[in-house]
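Trainee: Below are the sequence and a predicted model for it; my questions follow.
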Amino acid sequence: PTNLTTDSIPVGKLIGIGVMSQPVLVQLSTLNNTLFNQNPDVTFSTVVLGTATGVTGGHFDVDYFFVPPTGGTQATATITVGTTGQQSPFPATLGAITVNGVIIVPALTVNDITNGGASGSTNANVIANNVTGGFTATVSNNVITINAPVGTAYNGQAISIGAGTSQTLTGSAPAAGRLVITDVNSNTRVSVQCGGTDTLTQFRSLNDSSRSNRLNDLFTNMNTTQNGYTTSCVKTISSGSTTLLTCSIVAPVGVSACSGGFSVDSDIISTANTGPSGGVVATGWTNFAPALTASAFNNNGTEATSNGDTCNGSTVTYPTNTPRNTGANYPSGSGPNCVYDVHYHQYDKVFDVTGVNMLNPSNAILNLSNGMPSLTQNFKLLVQNQYLSPAVKLHIGDPSYLYNVDHGYILLKNYETSSTLDPATLQTYRRDPNVVWPPASATTAAQRLAAPKPIGSLAFNMPVDALSAKNWWGNGDIRAGLIPTTPQCVWVADGTHDGNMYQPVIPPTNGVDGPGTNGWSNSSPTTTPATATGVRHGGALTFQLIRDTTPTSAIEMNVAGRPEYGWRVISSQYANYVLMEYATYWHQPNAKCFNSSGWTKTPPADTGTTTPVAKAAGSTDPKIGNLAGSSGGAGGTITSVTTTIVGAVTTTTINYSDGTHATITSTVNADGSVTIVTVDALNVTTTQTVANSAGSLKTGGDERARQSARTGRISWRELVAP
């Protein structure tokens, strides 16, 4: 029992999670129920559904495998930038520049176009620097050449320039400045500036020994408008020669930056120099659209060829210019050509997401278009290793996809896990959003499956607790919802022995912890790429994009007799039909491959962090939790999602088409803890209270007056040991 008059635990032992006392109560009749006092040394961080960084308890990596496409050309168009409707120094705004609904340049604000009346080349560069969506741009003076993505999709398409907004312009110009010039030295390049930044005039060498001729040349160059400054000079002529230039220089609206005088080159000899003075600061902005004219894209675009993945185990020298993130590079030197093209480490933590939208990822390096730029390339999707990652869901072929709504997903444990599979029964997709599907000629289900459908969506997502050990399959097999492994076991083949199998592993019987068995041998070697067996990519969840012409004879069950592991293209046909692959997995810091001794399907959580970085413009990776409901007869189509905040209470309501709704109510309590009440579409209520992330200190009992013992402690609790 506890002695309340002392400062220590009479008898105890130090364990990994804190200090545990001697038994305080034993059921003497059976000696099988023992109660302990335990004092944890840990604090519990607040975890609120959908607001943590990425998934909790660790992170997932993403690998991308493809052969760079060849051939293909780009259609081009031009945008000419003028100053119509603009006035210096007022800024301007511009609506989005689009082609057939696709954004070339997003809407620009006054922070982008800081002076609509600046030279055309200045704002041409502003626009070109904001080109996005796979388009690129070059600038020559005030003309922007827009290059469309490779392919025919934009041939002949017109560019649409969205109108910006405007606000009434106010302000007044300062009084004109005065500059009296008596001579300028020969053979020099001279300039006149205001405030050291705005060049009013600049011209090259004056190759004349006559002062009159030099002043006449300067007169011609000075009588102009540049950067909003208007210069007007008058010549004084004596005995037929120009002896003096008297120039009046009017500054743009606003307070002059050189009221004390202009900055002139030392080669200019002047007798008077007074800068503009007074004026009222300019306010307001203009609509920049009238300053732009655009041509349609020409018909020069041709389709690139999407090459099949040629992974065959042969030795290659790894390239140095393949796009990949800086977190992990190719192995140095040479090795098997079965290796990733992109590896992205801690993807969910870097971008604070719970999945990847392969059509519009947070980092464009993972975009499907990098391996398949052609909008007319037809493909189908196979998925592998579902059993090892049962928490993950797939969104495919549905343009209604929303990155922040858990709707329209298919559980991968129910996707392509039948005992037979004919590729003809899989929908054919292509990237072209404008293809008409189904075509009028497709009158049967088989014809609709064969007709290319706009891909619409291609994203995988997982709940925030996907790395937790649960009974995800409902068969009693407690395991993490995403396979734990280490990248080297996923992204590269083992020499020339497993070829495109990428270190295959034969999984143990379902329900067994593991590890799996090595599916290749390199000691003799006794296996070849064709004879290696097991699940590809070391068991990582794999999305395999294949040609629409793939026959039934070219695919096989991922693990014979175990359809829950999905289907794949057979090794000997890999290069003929596999266009590209994505793989994802829990990058566990224990560095255990699926076939390594000590691998477990229920490893401990990893609390490592990373530094977030900016996402690609407009990226739509999933960022949602896994709200129960919308199943078993309740829910249906989501019609709206609203969030309201009143004081310490945040309520999110999801409405369904059948009239039911789900709510998530988070309440911040007085002690800093958060109570989360979830009521799903089936009216099932779940209540969770999480501690204040700052922790708290509880005193009393054997902790009394023991500051060193209780620092960082949370609370006492009773443990029952069976």
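Mentor: All right, it came through fine.

Trainee: Pull the number of nearby residues for Gly511.
Mentor: Using other Cβ atoms under 10 Å, the number of residues around Gly511 comes to 12. Yep, even glycine has a C-beta here, placed from its N, CA and C like the rest.

Trainee: Now do the nearest residue to it once chain neighbours are set aside, the pLDDT please.
Mentor: In this structure, Gly511 finds its nearest non-sequential neighbour in Asp477, 4.6 Å apart by Cβ to Cβ, 6 or more residues apart in numbering. In this model, Asp477 is scored at 94, pLDDT.

Trainee: Am I right that Asp477 is in contact with Asn510?
Mentor: Yes. Contact criterion Cβ atoms under 8 Å: Asp477 and Asn510 qualify, at 5.9 Å.

Trainee: With neighbour numbers in mind, choose between those two.
Mentor: Each of Asp477 and Asn510 has its neighbours counted (other Cβ under 10 Å); Asp477 has more, 17 against 14.

Trainee: ok so that one is a strand residue?
Mentor: No. Asp477 sits outside any strand when classified using DSSP: H, G, I helix; E, B strand; the rest coil, being coil.

Trainee: separation between it and Arg562?
Mentor: 13 Å (Cβ to Cβ, to the nearest Å).

Trainee: what is in contact with those two at once?
Mentor: Common contacts of Asp477 and Arg562 (Cβ atoms under 8 Å, 6 or more residues apart in numbering): Asn510.

Trainee: sorry, back to before: how close does the residue nearest to Gly511 sit to Val264?
Mentor: 83 Å.

Trainee: Let me see the backbone angles for the residue nearest to Gly511.
Mentor: Here is the backbone geometry of Asp477 (degrees, to the nearest 10): phi -90, psi 100.

Trainee: list the contacts for it?
Mentor: With contacts defined as Cβ under 8 Å, 6+ apart, Asp477 is in contact with Asn471, Asn510, Gly511.

Trainee: does Thr310 sit in a helix, a strand or a coil?
Mentor: What three-state DSSP gives for Thr310 is coil.

Trainee: Next, count neighbours for it.
Mentor: Thr310, neighbours per other Cβ under 10 Å, totals 15.

Trainee: again with Ser457
Mentor: Per other Cβ under 10 Å, the neighbour tally for Ser457 reads 21.

Trainee: Ok, Asn141 next?
Mentor: Neighbourhood size, Asn141 [other Cβ under 10 Å]: 11.

Trainee: Check the contact between it and Asn123; I expect there is one.
Mentor: No. Between Asn141 and Asn123 there is no contact under Cβ under 8 Å: 11.7 Å.

Trainee: pLDDT below threshold where in this structure?
Mentor: Residues of the chain meeting the criterion pLDDT under 70: 1-52, 186-189, 197-198, 201-207, 312-336, 617, 625-641, 643, 670-674, 688-722.

Trainee: before we move on, the earlier item: among the contacts of Asp477, which ones are in strands?
Mentor: Applying DSSP state E to those, no entry is found in strands.

Trainee: okay, those in CSV with distance to Ala173 next?
Mentor: Output for the contacts of Asp477, formatted as CSV (distance: Cβ to Cβ, whole Å):
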residue, distance to Ala173
Asn471, 76
Asn510, 81
Gly511, 83
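
Trainee: I'd like to know which of these is nearest to Gly539.
Mentor: Taking Cβ to Cβ as the measure, Asn510 is the one of those closest to Gly539, at 13.3 Å.

Trainee: The closest one touches Glu564, doesn't it?
Mentor: Yes. In terms of Cβ under 8 Å, Asn510 counts as a neighbour of Glu564; the distance is 7.5 Å.

Trainee: shared neighbours of the two, anything?
Mentor: Counting by Cβ under 8 Å, 6+ apart, the residues touching both Asn510 and Glu564 are Tyr387.

Trainee: Using just helix, strand and coil, how would you label Asn221?
Mentor: Here Asn221 is recorded as helix under three-state DSSP.

Trainee: how many neighbours does it have?
Mentor: Asn221 is flanked by 19 other residues according to other Cβ under 10 Å.

Trainee: And it, how far from Thr199?
Mentor: For Asn221, the distance to Thr199 (Cβ to Cβ) stands at 11 Å.

Trainee: Val350 now?
Mentor: Remark: distance between Val350 and Thr199 (Cβ to Cβ) = 43 Å.

Trainee: Could you check which of those two has the larger neighbour count?
Mentor: A direct count of neighbours by other Cβ under 10 Å for Val350 and Thr199 places Val350 higher, at 22 against 14.

Trainee: Tell me which helix or strand the more buried one sits in.
Mentor: For Val350, the element it lies in under DSSP states H and E is helix 347-351.

Trainee: for Thr663, same thing?
Mentor: According to DSSP H and E, Thr663 maps onto strand 661-668.

Trainee: distance between the helix or strand hosting Thr109 and the chain's centre?
Mentor: Assigned by DSSP H and E, Thr109 belongs to strand 108-113. In terms of Cα atoms, centre = their mean, to the nearest Å, the centre of strand 108-113 is set 23 Å apart from its chain centre.

Trainee: Direction included, what does that strand pair up with?
Mentor: strand 92-94 (antiparallel) (DSSP bridges).

Trainee: Helix or strand next in line after the partner strand, which one?
Mentor: As assigned by DSSP H and E, the chain's next helix or strand after strand 92-94 is strand 97-99.

Trainee: Just the helices from the stretch 501-650 of the chain, written as ranges.
Mentor: 574-577 (DSSP state H, counting those that start in this stretch).

Trainee: Check for me that Ser248 belongs to a strand.
Mentor: Yes. Counting by three-state DSSP, Ser248 is located in a strand.

Trainee: ok, now which ones touch it?
Mentor: Applying Cβ under 8 Å, 6+ apart to Ser248 gives the contacts Ala176, Gly177, Arg178, Thr231, Ser232, Cys233.

Trainee: One more: Gln488?
Mentor: For Gln488, the contacting residues are Cys593, by Cβ under 8 Å, 6+ apart.

Trainee: mind checking the SS state of it?
Mentor: Gln488 ends up helix, using three-state DSSP.
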